[in-house]
Each structure stands twice: as C-alpha cells, then as structure tokens.
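Need the 3D shape of this:
(chains A and B)
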Protein chains: 2
Amino acid sequence: MKAIERYLPMVESTIRNLGLTDETLDRPASYALDGGKRLRPGLLLLAADACGGDWQALGRAAAAVECIHAYSLVHDDLPAMDNDDLRHGKPTVHRAFGEATAILTGDGLLTLAFELLAEPVPGLLPAWQLAAVVEVAQGAGFGLGMVGGQAMDLEGAHDVERWLKVAAAKTGHPLGAAAAAGAWLAGRGEVVPALRLYGQELGIAFQIKDDLLDVQGTEAAMGKRLRKDAEKARPNFVAIAGEAAAAAALQVHSAKALAALAGVDMNRERLTLLVEELSSRTH
Amino acid sequence: MKAIERYLPMVESTIRNLGLTDETLDRPASYALDGGKRLRPGLLLLAADACGGDWQALGRAAAAVECIHAYSLVHDDLPAMDNDDLRHGKPTVHRAFGEATAILTGDGLLTLAFELLAEPVPGLLPAWQLAAVVEVAQGAGFGLGMVGGQAMDLEGAHDVERWLKVAAAKTGHPLGAAAAAGAWLAGRGEVVPALRLYGQELGIAFQIKDDLLDVQGTEAAMGKRLRKDAEKARPNFVAIAGEAAAAAALQVHSAKALAALAGVDMNRERLTLLVEELSSRTH
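The predicted model follows:
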C-alpha cells in the first residue's frame, strides 16, 4: 500500500536484524515474522510521521507491534484454536515446527515486543515510551483488547452487534494502539485520542473488508484458502448482515476513521490514503 | 516463608483487585493466579525494600511478575507441553476451562504484566520503570530467558551442564529479573547487577531443591504428584548428578547468591533469610 510504503524498508530490515539468539526458537520466530502486509508497524510509523515525529528512530518500536501481530497469528492457528494449516501461503508455525514450539514462539514474540518498546531510544522521553507500552498492552490484552476479542470470538454465534464488538477488540483496538503509540512516541500526547479512534475504526473497516474478500476474492490473490469462514462456521460479517449491508458498513467505518482526524493538527494525507487503500484493496 | 511474609498481604490483595473485566477470561485468569508461594512478587518487593525503596507503592509491579509466572505455568501445563492435569492441588486451567481458553488466558496474563509494570506510579521515575520493563522482558523471553529455557528443556537429554543452563534460563533469570526490577523501581540502578545475580543463583538453588524434593518429598506436603520427573522422562538433577552432588550444588548456588550481595550497600537480612529458607524448605 502506497500510504505506508515509505516505512516498509526500515520495518523489514529491523525485523530481519532483531538479533534473536535463541538456539531453538530463532528459526520459528523468524519464520513467524516473515510475510504479511506490515500494516501495524506501518501505521505506527505513519502516525508518528504525521505528527511530525522522528519516525526513523522508531524502527524497533514498530517491529514490536508486528511481533505482537505475529504472535497472535501463531497462537490463533494452533489446533486448539482455529486449527489452520496455511498462513501467508506457507505451513503454519505449528505445522512446520510442532505445537510446543509454536506456543513458545508466540510467547517469546509477545515478550520481545515489550522489550523492544521499552529499550532506551535517544531523543525519546521515557514517559512517552511508558505510555506507548501501556497503550500497546491494552490494545493486545484482556477485556476490549485483542485477547479479549479472541475469547469473545471463541463463543461464536454472532449477530451484527456482537460481530462488530469482536472486530473492534480483535482488530480495532490493536490498530488503534499502534496509531496511538506512534503519537506517544512522537511526543504528541494531545493527538493520541484522535489517532487511537482513527486506528480503531480503520481496524473495523479492515475486518469488514476481509470478510467481503473472503466471499468475493480469489485464492491465488489472497495467498490463503477462502470461504474458510463458512467451512469453519466462523462468523463472517457478509453472511450475518448481507453483502449490501457489509459494503455500507465498510463505508461507515472508513468515514468514521477519517472523521476522527478532523481538525487535528497533523499531516493527514497518508492517513487518508490508507483508509482509501484498505477499503478498496483486492487482497 | 518468613523472609517475604511482610509483603504477601499486599501481593494477595493486589492480585485479588486487578480489576479484570474480561467477560470470558476473568474466571480462568483469577483461577490461574490463585495459589503458589508468591516467591517472585515477594522477591521484587523484598529487593526494593532492602534497597530502601518505597515497596508499598509497588504492589502492581509485584503482581506483574506473578502474572508472568502464572502464565508460564498455564502454558507449560498444556497437552502439547507437559500435559499436566494438576497444579496447586487443583485441575490445571486447560482441564478446568479448555485448551483454547488456557492459551488465551496465558497470553492475556503475559500482556497484563507489562501494562502493570508501565502504568504511572507517583514517586517513580519513568526511566526506572522502563528499565524494569526491559529487565522483566529479558528474564521472561527468548535466549537466556524463561521462554528460551523452556525451548531448551523441550529438547531433553540433559547432562549436568545442560541441566544447569536450563535451570538458569527457566528459573534463574526470571528470579534475577524480579530482584533487579525491585532495585530499578527503588531507583537504585547501581545495585541492580548484585541483585540480579543474587536472584539468578537463588533460582538455580530453588530448582535443585525442587528436584531433591521431587525425589524425597511427600505428595501431601507438595500438593502435586511426585516422581513426575521419572514418569515423564523429564531430567531431574538428582537422577543426573546423584543425591550427594545435588545437595552439594544446592549449597554452592545458595552460597553464590549470598556472595553476590557482599559489600553492597543495602539491608541484607531478609535476602539472607530467603536463601536459607528456600534451601531448607520441605515443600
């Protein structure tokens, strides 16, 4: 996506050079971090950049939110969870390395994320970093965070309202936390609420689009098996609400993301483009 | 244990009042946090107290290291890992609540730990808290941290040297991080290396004692099934090194823990007592 492509070379090289030294888990952790859109680290850096922050100092903080995303996929794919065999067109971590290794790899990536967010960075105030740690932990944790959303999702049987609540927790809050962390790390606490809300709405729109693509897309373009939602009786928004309502909801949440930024003192160009790109993507 | 009993009422009440609001995971998380010696939070507070810090301000930081300990037990007990049915005399979390819930509960507890360590505390410098976050993350993470130790342990087939390396990673480094975090949070960076080493050696001694008790203890006193090590072909230090060598190693690592504190400006009374109590405990 053009909105975040400026940041991706740094994201990729930071992830490649994390300096993992675990004799057993180095390979599965690198494998888990390989591939994907890099939406979360891209959004963190885009938010910091839009706020006028020194985004080039934030490579490891950006890698941290990707570590959390990667851990969540590794654990979600486990047999006791979604039991998926394929991710980014490759065998899932537990299929490639075994289930115990997959559990530990996820645990280690989640732990590493907080080390990366908290390590000293010249030019950053420790208080900003602490605020980013809390923000990211809340976005990923119990209750209205990602783990809480996963737990709600396990209970299944969703209506529209519940589907939106799960999407907000699983995807909205982690993306909101990534955008808010970018603002904290740029030292712009006063724009955090706007960027947090932007990210949350962007995340819900992203998840609606995912479900539309699951119904409409082609397997080759997506790099994963489609209509999995139907196969696994996983609640797909299109199946619950219908395609027209899903398309309308995509527009509503995209508009809410943009509205969150209205009147806020920052460069909104790439943030606006990202909303447009995510809602019109084909994979 | 008398060395930490001063701190335990605050630890228990903090854990009971964490304010978990996750509709699905509140019960399993509270269940996972129920019981145990509270050695890690007790050690964090003891270290802060011994350094002259305001330990009574650190209840939630102490609860954080207990959350990490609790998460590690929940994940270790999973069928793909140690496949244990009993913990603290009760069914393990996955036996009581199911495997998916156990995975998510562990993930959530680990995430919550970092939120608790990073939230603002009056009187603490953000830089101290950040240092504590890094310390705890390293003690719990890949490589020489707890997750790295678990991964080494999965590979099995240990000799004495390897057993000690695994014990240092799985138990030594998390305890070293708890003690070091207490020093950081007391604003005493200059004594961190001594307390970190103290905790690491204490942890190795603790693990040797555990293996001695597994061979010598009684099930009623331990609240769990014994000789599990033999049943599961898990490497027990006594089986590898012999009982006399294990008893000698217990003394050596206990002495190293005490030696780490020599000449350091702090109140060593309870830290010394803790070493004695752990090496002479009967359960």
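
Flag the helix or strand of chain A with the lowest per-element mean pLDDT.
helix A:219-222 (a mean of 53; mean pLDDT, DSSP states H and E).

same question for stretch A:85-95, mean pLDDT?
Mean pLDDT, stretch A:85-95: 96.

Straight-line length of that stretch, end to end?
Length of stretch A:85-95, first residue to last, Cα to Cα, to the nearest Å: 6 Å.

which parts of that stretch are buried?
Neighbour-count burial for stretch A:85-95, counted by 16 or more other Cβ atoms under 10 Å in any protein chain shown, picks out A:R87, A:T92, A:V93, A:H94, A:R95. (Each C-beta comes from the backbone N, C-alpha and C, glycine too.)

Return the closest of those residues with respect to chain B.
Distance to chain B across the buried residues of stretch A:85-95 (Cβ to the nearest Cβ) is lowest for A:H94, with 8.2 Å.

what's the closest non-adjacent residue to the closest one?
In space, A:H94 comes closest to A:A102 once its chain neighbours are excluded; the distance is 3.7 Å by Cβ to Cβ, 6 or more residues apart in numbering or on different chains.

I'd say that neighbour and A:P79 touch.
No - assessed by Cβ atoms under 8 Å, A:A102 is found out of contact with A:P79, at 9.4 Å.

what touches both of these two?
A:H94 (Cβ atoms under 8 Å, 6 or more residues apart in numbering or on different chains).

Show the contacting residues for A:G145.
A:A137, A:Q138, A:G139, A:A169, A:H173, A:P174, B:T111.

Next step: those restricted to helices.
A:A137, A:Q138, A:G139, A:H173, A:P174, B:T111 (DSSP state H).

what about the fourth one, how many neighbours?
When neighbours are counted by other Cβ atoms under 10 Å in any protein chain shown, A:H173 registers 28.

how much space is there between it and A:E5?
According to Cβ to Cβ, to the nearest Å, A:H173 and A:E5 sit 25 Å apart.

One more: the last one?
Here the criterion is Cβ to Cβ. By it, B:T111 lies 30 Å from A:E5.

These two: who's more crowded?
B:T111 (28 against 11).

related to what we said a few turns ago, looking at A:A102 and A:P79 now, which is surrounded by more residues?
A direct count of neighbours by other Cβ under 10 Å for A:A102 and A:P79 places A:A102 higher, at 23 against 17.

Now whatever residue of the stretch 151-283 of chain A ends up closest to chain B. Nearest residue, chain neighbours left out?
Closest contact between the stretch 151-283 of chain A and chain B, by Cβ to the nearest Cβ, is at A:A151 (3.8 Å). Excluding the flanking residues, the one nearest A:A151 by Cβ to Cβ, 6+ apart is B:T24, at 3.8 Å.

my guess is the one you found meets A:G148, correct?
Yes - using Cβ under 8 Å, B:T24 makes contact with A:G148 at a distance of 7.3 Å.

more crowded one of these two?
The residue with more neighbours, out of B:T24 and A:G148, is A:G148; 27 against 23, by other Cβ under 10 Å.

re earlier: now for the buried residues of stretch A:85-95, which pair is the farthest apart?
Maximum pairwise distance among the buried residues of stretch A:85-95 (Cβ to Cβ): 10.1 Å, between A:R87 and A:H94.

Next, show the common contact partners of these two.
A:D77.

Walking through the stretch 1-150 of chain A, point out its strands one by one.
In the stretch 1-150 of chain A, the strands defined using DSSP state E, counting those that start in this stretch lie at A:86-87, A:90-91.

Please enumerate residues in contact with the last one?
Applying Cβ under 8 Å, 6+ apart, the external contacts of strand A:90-91 come out as A:Y31, A:D34, A:G35, A:D85, A:A96.

coming back round to it: what's the farthest-apart pair in the ones in helices among the contacts of A:G145?
Among the ones in helices among the contacts of A:G145, A:H173 and B:T111 lie farthest apart (Cβ to Cβ), at 11.8 Å.

Quick check: neighbours shared by these two?
A:A140, A:G145.

which residues touch the nearest residue to A:L110 once chain neighbours are set aside?
Spatial nearest neighbour of A:L110, excluding adjacent residues (Cβ to Cβ, 6+ apart): A:Y71 at 4.5 Å. Residues in contact with A:Y71 (Cβ under 8 Å, 6+ apart) are A:A32, A:T105, A:G106, A:D107, A:L109, A:L110, A:A113, B:D107.

The stretch 151-283 of chain A against chain B: which residues are in contact?
Neighbours of chain B within the stretch 151-283 of chain A, by Cβ under 8 Å from any Cβ of the partner chain: A:A151, A:M152, A:L154, A:E155.

filter those residues to the buried ones?
For those, buried by 16+ other Cβ under 10 Å: A:A151, A:M152, A:L154.

Correct me if wrong: the second one contacts A:A169.
Yes - because the distance of 6.4 Å satisfies Cβ under 8 Å, A:M152 is recorded as touching A:A169.

would you list the strands of the stretch 1-150 of chain A in a markdown table and tack on distance to A:L45?
As requested, the strands of the stretch 1-150 of chain A are arranged in a markdown table below (distance: least, Cβ to Cβ, whole Å):
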| stretch | distance to A:L45 |
| --- | --- |
| strand A:86-87 | 24 |
| strand A:90-91 | 26 |
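
What about A:E119, how many residues nearby?
17.

so what's the spatially closest residue to it that is not a sequence neighbour up against?
Distance criterion Cβ to Cβ, 6+ apart; nearest residue to A:E119, sequence neighbours excluded, is B:V134 at 5.7 Å. Counting by Cβ under 8 Å, 6+ apart, B:V134 touches A:E115, A:A118, A:E119.

which one of those sits closest to B:L278?
A:E115 (27.9 Å).

Confirm for me that that closest one is in contact with B:A137.
Yes - using Cβ under 8 Å, A:E115 is in contact with B:A137, at 3.7 Å.
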